[in-house]
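> heads up, no residue letters with this:
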C-alpha cells in the first residue's frame, strides 16, 4: 500500500493508534526509524535559498529588461504622436480676400483650403468643403469695418480661428450720378 507524504502518514498513524488505545509514542518512533524524520523529501519542498545579487544582474536578464523597456517606450511614443496628431488644430489657409482689403461690393466670396475631414464655419455658419479640401462662402458685408471669423475644427481637435478685416465702402459717385425722376 502506498502511503501519502510522511507528515500525513504520521498523523494518520497517530490517529489510528489512539483510536485502538495503543502507545502512540512507540509507533511514532518505529515509523521514524523506518521512514525517517524529514518531511522534505521532494526538492520543491525545501526552503528557498537566498539569491545572489550577480544572478539578478546577468547579461541575459539585463538584455531582456532593456528590450521590454524599449518596446514600452516605443509604444508610448507612438501613442503620444497619434494623440498629438488627433488633437492638433487643423491647417487653414484663406486665399481670398486679403486681410485689410477694401471693397465696394456688399457681398464677397471667401476662398480657402484645408484638409477634407475639417468642419469650416464662416461667421458661425457651416460651409461645405469639396473633396480636395477647398471651400468658398458668400459673406454679406455692412458699411464700415467687417471682421470675418473663419473657424476650422476636426473631430477631437482644438479650433483654428482666422480673422479677415474687410472694409466696405459704398461707391458714392455711382449713387450721386442717379438723377431724380420728375413726376
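Thanks, I have it. Being a predicted model, the structure only gives us computed values, none of them experimental.

> ok, which stretches of the chain are helices?
If DSSP state H is used as the criterion, the helices of the chain fall at 6-20, 24-35, 53-56, 59-87, 172-176.

> What separation is there between residue 83 and residue 89?
From residue 83 over to residue 89 the distance is 14 Å, taken as CB to CB, to the nearest Å. C-beta coordinates here come from the backbone N, C-alpha and C atoms, glycine included.

> Can you give me the distance of residue 60 to residue 66?
11 Å.

> I meant residue 6, not that one.
Residue 6 is 47 Å from residue 66, by CB to CB.

> higher neighbour count, these two?
residue 6 (17 against 10; other CB atoms under 10 Å).

> Surely that one touches residue 34?
No - here residue 6 lies out of contact with residue 34, judged by CB atoms under 8 Å, at a distance of 10.1 Å.

> Could you list the low-pLDDT ranges of this protein?
Judged by pLDDT under 70, the chain has its weakly predicted residues at 1-4, 36-49, 51-56, 172-183.

> ok, back up a step: out of the helices of the chain, which gets nearest to residue 162?
With CB to CB as the measure, helix 59-87 is the member of the helices of the chain nearest residue 162 (19.1 Å).

> Distance from the closest one to the middle of the chain?
14 Å (CA atoms, centre = their mean, to the nearest Å).

> In terms of secondary structure, what does it contact?
Contacts defined by 3 or more CB pairs under 8 Å, 6 or more residues apart in numbering; DSSP states H and E place helix 59-87 against no helix or strand at all.

> follow-up on the earlier one: I'd like the helices of the chain written out as a markdown table, with distance to residue 147 added.
Below are the helices of the chain laid out as a markdown table (distance: least, CB to CB, whole Å):
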| stretch | distance to residue 147 |
| --- | --- |
| helix 6-20 | 90 |
| helix 24-35 | 99 |
| helix 53-56 | 68 |
| helix 59-87 | 27 |
| helix 172-176 | 23 |
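
> so which of those helices gets nearest residue 153?
From the helices of the chain, taking CB to CB, the stretch that ends up closest is helix 59-87, at 11.0 Å.

> what's the neighbour count on residue 142?
Residues near residue 142, counting by other CB under 10 Å: 8.

> Show me what counts as buried in stretch 92-112.
92, 94, 97, 108, 110, 112 (16 or more other CB atoms under 10 Å).

> hang on, the fourth one packs against residue 102?
Looking back up the chat, that one is residue 108. No - between residue 108 and residue 102 there is no contact under CB under 8 Å: 11.0 Å.

> Now for those two: what residues contact both?
residue 166 (CB atoms under 8 Å, 6 or more residues apart in numbering).

> which ones are touching residue 97?
103, 108, 110, 164, 166.
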